[in-house]
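*Asks:* Sequence first, predicted coordinates after that:
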Amino acid sequence: MRFAEHEHHHQSATPMAQRVSALIARIEAVGMTSDAEISDVLERFLASASPANGAKLVARAWVEPAFKALLLEDASAALERLAIDMSHWAPVRLQAVENSALLHNVIVCTLCSCYPIALLGPPPTWYKSEAYRSRVVREPRAMLAEFGVTLGSGVEVRVWDSTAELRYIVVPERPVGTDGWTQERLASLITRDALIGVARPSLQVAGAGADP
Amino acid sequence: MSFEVGEAVRTSSANPAGHNRLPRYLRGKRGRVVALRGFFPLADLRAEGRGDVAEMLYTVAFDAAEIWDTSAEPHETIHADLWESYLALC
């Protein structure tokens, strides 16, 4: 069983969920907020949060070298070009890191579950698991192999631990055999997991890359 | 104390009672500064409602062997974003 599937079986009705419910009940009881207000904030934030945003960003970088240079140098400026807003309740900024034949990047938040939600959608359960957060820094090659990404011994692995207000996104390598593809078609190859660094864009992804 | 890209730094070994963003596995370790990210409010104070005090944030790279010794996988570096007060020259 692959890592992500294994983790999925373990986490339901966690003690954390119970603690969050208890906390919400207390702050509502003293009138600090209401259920409606919390729902409203979350709905507005999550309405636009999607891995389609990250895919669009990377697909444009693949076809426009100047845009890729801007993305790697000043990701926030690149986001503005695409009219994507990743600000929410915290003053977060974005940093893009690029894979190559000799370098593989992967992101984690060992302290909690930080990641660019606006560009990737809500984090998957495995990303928040203690197993992923501890193992990806200690044995990233073994961890990535369980996700189906095997790396040669000559490839450097860079693990980015998002400890502060900077969020990371991986710019994966463009698959061979995609010359002349439109940005939309390229974007269909770019999954959330590839933007985290635990998958590679592939022409084999089911349904991806089909002619529109 | 401010640092430049390329400088060798050592992280603090302190075990603060409150909120802190220096992960335990990176405490008291040697790394090198790879980027200056600008000023960000220090999370330690912000989390405790003690105000926004901006401090320079650095991305520091650590060789896996510095952290995991002989258990480290080859050719791995761990990068973390650390506030200035977590760091000292070494």
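*Replies:* Yep, that arrived.
*Asks:* Which one of the residues in chain A is closest to chain B?
*Replies:* Distances between chain A and chain B by C-beta to the nearest C-beta are smallest at residue A:164, namely 3.8 Å. All C-beta atoms are positioned from the backbone trio N, CA, C, and that covers glycine.
*Asks:* the strands in chain A, which residues?
*Replies:* Using DSSP state E, the strands of chain A run over A:93-98, A:103-108, A:156-161, A:166-171.
*Asks:* Distance to chain B, mean neighbour count and mean pLDDT for the ones you listed - can I get that in CSV?
*Replies:* Supplementary listing: the strands of chain A in CSV, determined by distance: least, C-beta to the nearest C-beta, whole Å; neighbours: other C-beta atoms under 10 Å in any protein chain shown; pLDDT from 0 to 100:
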stretch, distance to chain B, mean neighbour count, mean pLDDT
strand A:93-98, 8, 20, 96
strand A:103-108, 9, 23, 98
strand A:156-161, 4, 22, 98
strand A:166-171, 5, 24, 96
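*Asks:* Export these to a markdown table and append columns for distance to residue A:149.
*Replies:* What follows is the strands of chain A, written out as a markdown table (distance: least, C-beta to C-beta, whole Å):
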| stretch | distance to residue A:149 |
| --- | --- |
| strand A:93-98 | 15 |
| strand A:103-108 | 8 |
| strand A:156-161 | 10 |
| strand A:166-171 | 11 |
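*Asks:* of all these, which lies closest to residue B:8?
*Replies:* strand A:156-161 (18.4 Å; C-beta to C-beta).
*Asks:* neighbouring strands for the closest one, and are they parallel or not?
*Replies:* strand A:103-108 (parallel), strand B:76-83 (parallel) (DSSP bridges).
*Asks:* So which of those is nearest residue A:139?
*Replies:* Here strand B:76-83 is closest among the strands paired with strand A:156-161 (C-beta to C-beta), at 8.8 Å.
*Asks:* right, and the helix or strand after that closest one?
*Replies:* strand B:87-89 (DSSP states H and E).
*Asks:* wait, does that next one contact chain A?
*Replies:* No. Applying C-beta under 8 Å from any C-beta of the partner chain, one finds strand B:87-89 separated from chain A by no less than 12.5 Å.
*Asks:* Show me the contact partners of that strand.
*Replies:* Strand B:87-89 has contacts (C-beta atoms under 8 Å, 6 or more residues apart in numbering or on different chains) with B:1, B:3, B:7-12, B:58, B:60.
*Asks:* same thing but at 6 Å, please
*Replies:* B:9-10 (C-beta atoms under 6 Å, 6 or more residues apart in numbering or on different chains).
*Asks:* now stretch A:146-163
*Replies:* By C-beta under 6 Å, 6+ apart, stretch A:146-163 touches A:3, A:102-110, A:114, A:137, A:140-141, A:168, A:198, A:200, B:21, B:75-81.
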